[in-house]
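In: model the following, please.
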Amino acid sequence: MEHKRDPNRRKQCVSQMAGLFAFSILFSFLMLNLSACKKKTDKKTLQLFALDTYVTITVEGKDAQEALDEAARLITDLEKELSSRKENTPISRLNASSENAPVTLPANAYGLLEKAWQYKNETEGVFDPRVAPLMDVWGFSTGDPHVPSREEIDAALSRVEEGGICFLDSCQAYVLPGTKIDLGGAAKGYIGDEVMRELKKFSLSRIILDLGGNITVWAEKDDLTVGIVDPKSPSVLCAVLHLSDCEIPQSVITSGAYERYFEEDGIRYGHIMDPKTGYPVITDILSATVIGRDGAKGDILSTTLYAMGKEKAMDWASQKGIDCVLCDENGTLWVSSTLKGKIDAEKGWTIEYFD
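Out: Take a look at the predicted model:
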């Protein structure tokens with residue numbers, strides 16, 4: 001068995017037109033600043049390992065250092081609140097709760113849990129925060145990925161199917177017996193939103209958050225171009241997106257199994273689980289990218305679209321008004337028609353728009 005997860009492969013990068021900001025060895029995104037030449041400002045970058053990934057934060061402005069210090073503190077605190085894999089966190093305590101012993105959650109955790117549960121219903125269970133037992137049995141949450149037995153899968157799947165969350169007043173909640181919650185499909189997007197909201201209180205002209213595949217950006221006056229990685233060859237791009245109105249924070253979030261997977265007996269198994277079958281999802285797209293103003297929502301939706309597969313994802317995205325880019329195995333980018341004029345394909349890729 002070969003477990004392939006390169007911690008040095010970055011999912012996104014950000015640069016100015018005048019020169020590349022190189023934050024790590026490899027990123028899945030390349031971001032270029034399209035604004036005209038401007039006077040240099042105080043620019044600082046922070047890199048740290050958090051959220052089970054490498055995080056890079058770049059800010060420009062008078063309060064750059066203070067903003068980075070605050071960002072590091074916020075990320076550490078929010079990870080403690082939202083993680084189910086660390087001991088004695090609000091979510092781990094929730095997973096040990098019962099009707100007779102509900103837990104009081106921080107407002108951040110309670111709000112994100114409600115949003116995740118809402119999207120479980122809206123996606124008809126394609127996205128499901130109860131998926132933790134499957135992540136455990138497949139070893140993705142323990143660091144020992146492997147193919148479990150059919151009996152182990154069935155036992156974990158029954159916990160997902162029969163599980164539930166009961167929301168009470170005053171941020172209290174408990175789970176039904178056997179239920180285990182994992183907010184990994186939404187937490188990074190939410191944390192990006194919260195960190196961005198706090199950093200905008202500082203005297204800054206630009207904020208770029210790279211939370212391991214979840215990019216959130218804000219620029220005082222600039223337009224930006226974001227490159228989407230080729231999931232078949234993550235050192236190059238398959239397309240570039242042109243963002244405008246960056247005075248309102250924007251998120252570009254990609255989901256796929258091309259970086260976190262393992263191989264056993266010649267078969268590749270990705271980390272995104274299908275809560276209906278108990279196995280990693282089988283899909284005819286390599287990645288799904290969602291562009292929007294709500295990072296937590298984008299995190300959930302990119303995972304959902306990837307798991308749905310091309311036809312269902314396009315239909316669902318059209319119904320819900322989701323701006324997205326789907327990369328398929330044949331070198332085609334299936335792009336929401338709302339993004340016409342805002343995306344260019346790189347060599348070897350073609351664009352097909354859908355309504």
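In: only C-alpha atoms from now on, for both contacts and neighbour counts.
Out: Fine.
In: for the longest helix along the chain, packing partners?
Out: Ranked by residue count, the top helix of the chain under DSSP state H comes out as helix 64-82. If you count contacts as 3 or more Cα pairs under 8 Å, 6 or more residues apart in numbering; DSSP states H and E, helix 64-82 packs onto strand 43-50, strand 53-60, helix 90-95, helix 107-122, helix 187-199.
In: dump those to JSON lines, plus distance to residue 211, mean pLDDT and mean neighbour count.
Out: Compiled in JSON lines, the helices and strands packed on helix 64-82 are given as follows (distance: least, Cα to Cα, whole Å; pLDDT from 0 to 100; neighbours: other Cα atoms under 10 Å):
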{"stretch": "strand 43-50", "distance to residue 211": "8", "mean pLDDT": "94", "mean neighbour count": "15"}
{"stretch": "strand 53-60", "distance to residue 211": "5", "mean pLDDT": "93", "mean neighbour count": "21"}
{"stretch": "helix 90-95", "distance to residue 211": "20", "mean pLDDT": "96", "mean neighbour count": "22"}
{"stretch": "helix 107-122", "distance to residue 211": "17", "mean pLDDT": "96", "mean neighbour count": "17"}
{"stretch": "helix 187-199", "distance to residue 211": "7", "mean pLDDT": "96", "mean neighbour count": "21"}
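In: now these as a markdown table including distance to residue 274?
Out: Rendered in a markdown table, the data for the helices and strands packed on helix 64-82 read as follows (distance: least, Cα to Cα, whole Å):
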| stretch | distance to residue 274 |
| --- | --- |
| strand 43-50 | 26 |
| strand 53-60 | 23 |
| helix 90-95 | 20 |
| helix 107-122 | 12 |
| helix 187-199 | 19 |
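In: and of these, who's closest to residue 226?
Out: With distances scored as Cα to Cα, the stretch of the helices and strands packed on helix 64-82 nearest to residue 226 is strand 53-60 (15.4 Å).
In: which strands and helices sit next to that closest one?
Out: strand 43-50, helix 64-82, strand 206-211.
In: what is the end-to-end distance of stretch 202-214?
Out: 22 Å (Cα to Cα, to the nearest Å).
In: could I get the average pLDDT for that stretch?
Out: Per-region confidence: stretch 202-214 scores 91 on mean pLDDT.
In: what about it, distance to the chain center?
Out: Put simply, stretch 202-214 sits 15 Å off its chain's centre (Cα atoms, centre = their mean, to the nearest Å).
In: tell me the pLDDT at residue 313?
Out: 98.
In: secondary structure element for the nearest residue in space to it that is not next to it in sequence, which one?
Out: Leaving aside its chain neighbours, residue 313 sits nearest to residue 305 (4.9 Å; criterion: Cα to Cα, 6 or more residues apart in numbering). Element membership of residue 305 [criterion: DSSP states H and E] is helix 295-308.
In: so for that helix, what's the average pLDDT?
Out: Averaging pLDDT along helix 295-308 yields 97.
In: neighbours around the residue nearest to residue 313, how many?
Out: For residue 305, the neighbour count with other Cα atoms under 10 Å is 31.
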